[in-house]
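Engineer: The following comprises the amino acid sequence and a computationally predicted model.
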Amino acid sequence: SQQGEEDPQALSIQEGENATMNCSYKTSINNLQWYRQNSGRGLVHLILIRSNEREKHSGRLRVTLDTSKKSSSLLITASRAADTASYFCATDSYGNKLVFGAGTILRVKS
Amino acid sequence: DGGITQSPKYLFRKEGQNVTLSCEQNLNHDAMYWYRQDPGQGLRLIYYSQIVNDFQKGDIAEGYSVSREKKESFPLTVTSAQKNPTAFYLCASSIKGEQPQHFGDGTRLSIL
């Protein structure tokens, strides 16, 4: 079962621009995580935000969480060509099993 | 360096054949997971294990089997009962009861 749904499915921007990806989910959660996947590779954890947090920053990443709307957004500022990858949100609903969305494919053009 | 090693990187299966995908971790994590990823889709959980000699089915366990005889190892067998095995398989591990999960670089399985 897929709980998270990312929007948009694909995003193409110029280097230096900001990229925003959204994630919606269906049930109550313990935390929500964002992962990056480069083509043909495994997932790399980016950031985790707990259900009692509203915003979190890590370098050029900013994540927000709105539990009333069951949604989260990932903002990548000043994007670089190396940010080109697929980005997935994953929700942990108190069972330590992650449920992943279908992902957003980000292409950053130099 | 600590991490998760999956092997082989590419694997081909013949009709009626069982194949086993290897996953080894040296992160001293108790929990390990197997996911399947199909093109354009997210990851789906096949099996997971929170402790040695114990494992649970995930959302799509049919046609797969696992074992957890050692803390470091969690091999996945794709049996002949799995009629559509072509996919990218990812192994992950975590501290028991905690997040995040750490992933290997995957095994791509194809049918001959």
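Structural biologist: Yep, that arrived.

Engineer: where does the residue most central in space within chain B land in three-state SS?
Structural biologist: In chain B, the residue lying closest to the centroid (Cα atoms, centre = their mean) is B:Trp34, at 3.2 Å. Classification of B:Trp34 by DSSP: H, G, I helix; E, B strand; the rest coil places it in strand.

Engineer: The closest residue to it other than its chain neighbours: neighbouring residues, count only.
Structural biologist: Among residues not flanking B:Trp34 along the chain, B:Ile46 sits closest, at 4.3 Å (Cβ to Cβ, 6 or more residues apart in numbering or on different chains). Every C-beta, even on glycine, is put in place using the N, C-alpha and C of the backbone. Here the number of neighbours of B:Ile46 (other Cβ atoms under 10 Å in any protein chain shown) works out to 26.

Engineer: Isn't B:Ile46 up against B:Leu76?
Structural biologist: Yes: with contact defined as Cβ atoms under 8 Å, B:Ile46 counts as touching B:Leu76 (6.9 Å).

Engineer: which neighbours do those two share?
Structural biologist: B:Trp34, B:Tyr64, B:Val66, B:Tyr89 (Cβ atoms under 8 Å, 6 or more residues apart in numbering or on different chains).

Engineer: does any bit of stretch A:46-54 sit next to chain B?
Structural biologist: Yes: Stretch A:46-54 reaches chain B (Cβ under 8 Å from any Cβ of the partner chain) through A:Leu48.

Engineer: Could you list the contact residues of chain B toward chain A?
Structural biologist: B:4, B:6, B:31, B:35, B:40-45, B:48, B:50, B:58-59, B:90, B:92, B:94, B:96-106, B:108.

Engineer: What remains of the residues you listed if I keep only buried residues?
Structural biologist: B:4, B:6, B:31, B:35, B:42-45, B:48, B:50, B:58, B:90, B:92, B:94, B:99-106 (16 or more other Cβ atoms under 10 Å in any protein chain shown).

Engineer: At which residues are the strands of chain B located?
Structural biologist: B:4-7, B:10-13, B:19-25, B:31-37, B:43-51, B:54-57, B:64-66, B:76-78, B:87-94, B:102-103, B:107-111 (DSSP state E).

Engineer: and the nearest residue to A:Arg60 once chain neighbours are set aside, what is it in contact with?
Structural biologist: Distance criterion Cβ to Cβ, 6+ apart; nearest residue to A:Arg60, sequence neighbours excluded, is A:Thr77 at 4.8 Å. For A:Thr77, the contact set (Cβ under 8 Å, 6+ apart) comprises A:Asn18, A:Arg60, A:Leu61, A:Arg62.

Engineer: Identify the farthest-apart pair in these.
Structural biologist: A:Asn18 and A:Leu61 (11.0 Å; Cβ to Cβ).

Engineer: who has more neighbours, the two?
Structural biologist: A:Leu61 (16 against 12).

Engineer: Not counting stretch B:3-17 itself, show me its contacts.
Structural biologist: Against stretch B:3-17 from outside (Cβ under 8 Å, 6+ apart): A:42, B:19, B:21-27, B:78, B:80, B:85, B:89-93, B:102-112.

Engineer: Only whichever of those residues are buried, select them in PyMOL.
Structural biologist: To isolate the buried members of the contacts of stretch B:3-17 in PyMOL, using 16+ other Cβ under 10 Å:
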select buried, (chain A and resi 42) or (chain B and resi 19+21+22+23+24+25+78+85+89+90+91+92+93+102+103+104+105+106+107+109)
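
Engineer: All set, thanks.
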